[in-house]
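Peer 1: sequence plus the predicted model coming up.
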Amino acid sequence: MFILSQIMITTLHAQTCPTFGFCLEEPYYDELEGFYAVEVKLLNFDFLNAAGINLRIDYTNNDIEINQGKTEESLLSTVKEGCNATFNFETEGTIILGGIQPPLDDGPELTSESEVIIYIIYFSSTTGECVDFIFVETDLYVSFPLLNDWEACAGDVESGCEIDDYCIPGFMVGGTIESPILDCDDSEDGGIIGIAVEIEESTNNPFFNCTEETDTYGDYECLLAEGLDYRITPVHDFNRTCGLSSLDIDIYMDHLLGSACIEDVWAFLSGDVDQNEILNVNDLVDIQEAILEIDGADWASWTFVPSAAYNGMSVPSCLSMNYNVIPSYNPYIDIEDLDDDYTNMDFVGIKMGDANGTCTVCSQSLTGDNIAVRSTPQVIELTRVDKQEYSLSFPTDVLGLEVLMMAFTCDVEPRIKYNALQNRNNFITLYRNGIYYISYASSIDKGENIMQDQPFLVLEGSLGESKVSGTRVQNEIVVENNLSSIELRIKSKPVAEIYPNPTNGRINIVLDLDIGETANISIYNLQGTKLFDRSIFGKVSALDLRLQPGIYYYLIKSKDQARSSKLILF
């Protein structure tokens, strides 16, 4: 009897460790869950007296992120109700599973051909990251009721059942943010430097999103996970006043009035600051408020048009029925089910409100072409002195001198340097973007000796963030400028200047008349109806016209001069 019992025990122990194994399936992206997934399988197991599993898997890249909640949830769906199954994620780079009791629930019967998914490892990672998943412990605990004992059996791991250097697959997406004006913002070949390009995956999973700034050539690129949907959106929303001035408003207004049509697509699109696809007075009000630094509507300083859409656009004639209709476009590009490289996702960047393109000098050296110089009746020569200085020479007998200096950004304080002209009254009038700011007047008696480079008049006025100062030097004006949105008009004997006063809604009329001289001012609406007519005496007058915001014409006549121009009320 003793011999038979010994044989029975030996036979039972010989059968305690059945043949079984574990396997990790190739990772895949689970679109429903929004994670990459690795299935952990138990193979060829038909021994039903399993007391538990001790399974340890190491992963070699701690930059990936295991989603513990989803992983545990997948385990609970594969075991019988009431079982005890626990994970341990405390050790970095390790997943430990223990205590599945009783056996896995894989239907009515487990056979030697069964493949049971124990659980699924869900993880996130950025595109291009690589990782290994390796089995370290594969113990299955089997109990034997007759012997009142259990045995720890190691499962097999066949070749190909571990993950070796799996890299998140992806494709390259990129392009160029182009400027319609060459050499914009210190870039090369028409590209715009420093534009943030945001590429967002459709579920906004941060592991699949990418933000990249354009380089010196205006280029950007991102490696993105395959098979997903993305939206590419360039963003550049600061320094709103860059390039803005009353000249831009004049350009838009001329188009609206049909007096001078805008020809460039970028200039036309730049006027639609409220992005409602209509160019109208409301846009001009928003631009003027930005110029004057008045709190108003919030609008983005830049817009970006996909190049494919931009190349098919045209500007409607200012004499046509749809003269103010902005071409429709989306400021982004969508990619669905990324399955290849996309390296031509190009955009055209447009500075809003900048109809004449002067914002192109905001980050680079000034050039003479960016300064508008006007005089009556003679042309004044502008000569570049160095990087930030310009010498403006003019004949001593010029009357009606007007120099218009547009907005620049340089790391210097703006200055006007010029010499007094003998035997002349000298008038200096400063405007902030077309709005009268302050005037200076002085004179020199005939024969007075003026030494070369001796300061005659020093001007300094604070214009918000900008400053203007001047020192007269012999027969020239040297101009330097700083920060945003300044217009300087240096005149001798202006006839009149009319600008709306944004603080009280009245119109300020600044006149320089001889003693006893009068001037007549008339204001008309766009239909030609005269709304106001009055004779004015003296230097400065203020008129309360009680006109609604809109576009008007004014006509000023004096003894020997007449002037007509547009008047915009906001």
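Peer 2: Looks like it arrived, so ask away.

Peer 1: what's the burial count for Leu247?
Peer 2: The tally of other residues near Leu247 (other C-beta atoms under 10 Å) stands at 19. Bear in mind the C-beta positions are built from the backbone N, C-alpha and C, glycine included.

Peer 1: repeat that for Ala196.
Peer 2: Count around Ala196 with other C-beta under 10 Å applied: 15.

Peer 1: show me the contacts for it.
Peer 2: Residues counted as contacts of Ala196 (C-beta atoms under 8 Å, 6 or more residues apart in numbering) are 211-213, 234-236.

Peer 1: can you list those residues in JSON lines and add secondary structure and distance to Ser125?
Peer 2: Converted to JSON lines, these look like this (DSSP: H, G, I helix; E, B strand; the rest coil; distance: C-beta to C-beta, whole Å):
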{"residue": "Thr211", "secondary structure": "strand", "distance to Ser125": "17"}
{"residue": "Glu212", "secondary structure": "strand", "distance to Ser125": "19"}
{"residue": "Glu213", "secondary structure": "strand", "distance to Ser125": "23"}
{"residue": "Pro234", "secondary structure": "strand", "distance to Ser125": "26"}
{"residue": "Val235", "secondary structure": "strand", "distance to Ser125": "26"}
{"residue": "His236", "secondary structure": "coil", "distance to Ser125": "30"}
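
Peer 1: most neighbours out of these, which is it?
Peer 2: That'd be Pro234 among these, by other C-beta under 10 Å, with 25 neighbours.

Peer 1: ok, and the closest non-adjacent residue to it?
Peer 2: Phe304 (4.1 Å; C-beta to C-beta, 6 or more residues apart in numbering).

Peer 1: out of the contacts of Ala196, which one has the weakest pLDDT?
Peer 2: pLDDT across these is at its lowest for His236, which sits at 88.

Peer 1: which other residues reach the helix or strand containing Thr176?
Peer 2: Using DSSP states H and E, Thr176 sits in strand 170-178. With C-beta under 8 Å, 6+ apart as the test, strand 170-178 has contacts from 127-128, 190-192, 195, 197, 199, 214, 217-226, 230, 232, 234, 304, 307, 335, 338-349.

Peer 1: what pLDDT does the residue nearest to Pro234 get?
Peer 2: Note for Phe304: predicted pLDDT of 96.

Peer 1: relative to strand 170-178, how tilted is the host helix or strand of it?
Peer 2: Assessed by DSSP H and E, Phe304 sits inside strand 302-306. Here strand 302-306 runs at 120 degrees with respect to strand 170-178, directions being taken by axes from the mean of the first three to the mean of the last three C-alpha atoms, to 10 degrees.

Peer 1: pairing partners for strand 302-306, with directions?
Peer 2: Here strand 302-306 is paired, per DSSP bridges, with strand 347-351 (antiparallel).

Peer 1: okay, buried residues for the strand it pairs with please.
Peer 2: Within strand 347-351, the residues that count as buried by 16 or more other C-beta atoms under 10 Å are 347-351.

Peer 1: and what of stretch 199-209?
Peer 2: So stretch 199-209, judged by 16+ other C-beta under 10 Å, has buried residues 199-201, 207-209.

Peer 1: picking up where we left off before, so what does the following helix or strand past the strand holding Phe304 touch, helix or strand wise?
Peer 2: Note on strand 302-306: by DSSP H and E, the next helix or strand toward the C-terminus is helix 307-310. With contacts taken as 3 or more C-beta pairs under 8 Å, 6 or more residues apart in numbering; DSSP states H and E, helix 307-310 sits against strand 347-351.

Peer 1: who touches the strand it packs on?
Peer 2: 175-180, 184, 192, 195, 234, 236, 242-243, 266, 269-270, 301-307, 310, 333, 357, 359.

Peer 1: could you rerun that using 6 Å?
Peer 2: Residues from elsewhere that reach strand 347-351, judged by C-beta atoms under 6 Å, 6 or more residues apart in numbering: 177-180, 192, 234, 243, 266, 269-270, 302-307, 310, 359.

Peer 1: of the residues you listed, buried ones?
Peer 2: Neighbour-count burial (16+ other C-beta under 10 Å) applied to those gives 177-180, 192, 234, 243, 266, 269-270, 302-307, 310, 359.

Peer 1: could you check how far Asn520 is from Phe532?
Peer 2: Here Asn520 is placed at a distance of 11 Å from Phe532 (C-beta to C-beta, to the nearest Å).

Peer 1: next one: Asp283
Peer 2: Asp283 is 26 Å from Phe532, by C-beta to C-beta.

Peer 1: which one of the two has more residues nearby?
Peer 2: Applying other C-beta under 10 Å to Asp283 and Phe532 shows that Asp283 carries more neighbours, namely 26 against 14.

Peer 1: the more buried one contacts Val273, doesn't it?
Peer 2: Yes: taking C-beta atoms under 6 Å as the definition, Asp283 is a contact partner of Val273 at 5.0 Å.
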